[in-house]
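> Requesting a structural model of the entry that follows:
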Amino acid sequence: MGQLLNEPVIAEHDPAGRLTAYRWRGARYTVDGIVKSYGSGVYRVRISGASGRAIAELGRDADHWRLRHVFPA
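Now for the predicted structure:
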């Protein structure tokens, strides 16, 4: 089961506007790929960071991103 967080993150994008990484609680997580996207601005992505790999669910509302859930990989 995933851990519900619903916390803001600082998103990083490439020149084409794709999410490439985000910063949360002082750590940086690289987005390795999109697992699934939902029409309501919700994305499940594979991430990697200093603590290993996981699946994260991110929500986007205009230019604001939130980390909604983290699932173990």
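> Moving C-terminal from the helix or strand containing residue 54, which element do we reach first?
If you go by DSSP states H and E, residue 54 is part of strand 52-61. Note on strand 52-61: by DSSP H and E, the next helix or strand toward the C-terminus is strand 64-72.
> Name the residue closest to the centre of the chain, please.
Within the chain, the residue whose C-alpha comes closest to the C-alpha centroid is residue 58; the distance, by CA atoms, centre = their mean, is 4.4 Å.
> Next one: the nearest residue to residue 72 once chain neighbours are set aside, what pLDDT does it get?
Beyond its immediate neighbours in the sequence, the residue positioned closest to residue 72 (CB to CB, 6 or more residues apart in numbering) is residue 54, lying 6.1 Å away. Bear in mind the C-beta positions are built from the backbone N, C-alpha and C, glycine included. For residue 54, the model assigns a pLDDT of 94.
> next one: residue 2
Confidence at residue 2, expressed as pLDDT, is 56.
> Check residue 12 too.
Per-residue confidence (pLDDT) for residue 12: 95.
> ok, now the one 10 residues further on?
We have a pLDDT of 96 for residue 22.
> Could you tell me how far the helix or strand harbouring it lies from the centre of the chain?
In this assignment (DSSP H and E), residue 22 forms part of strand 19-24. Mean-position distance between strand 19-24 and its chain equals 6 Å (CA atoms, centre = their mean, to the nearest Å).
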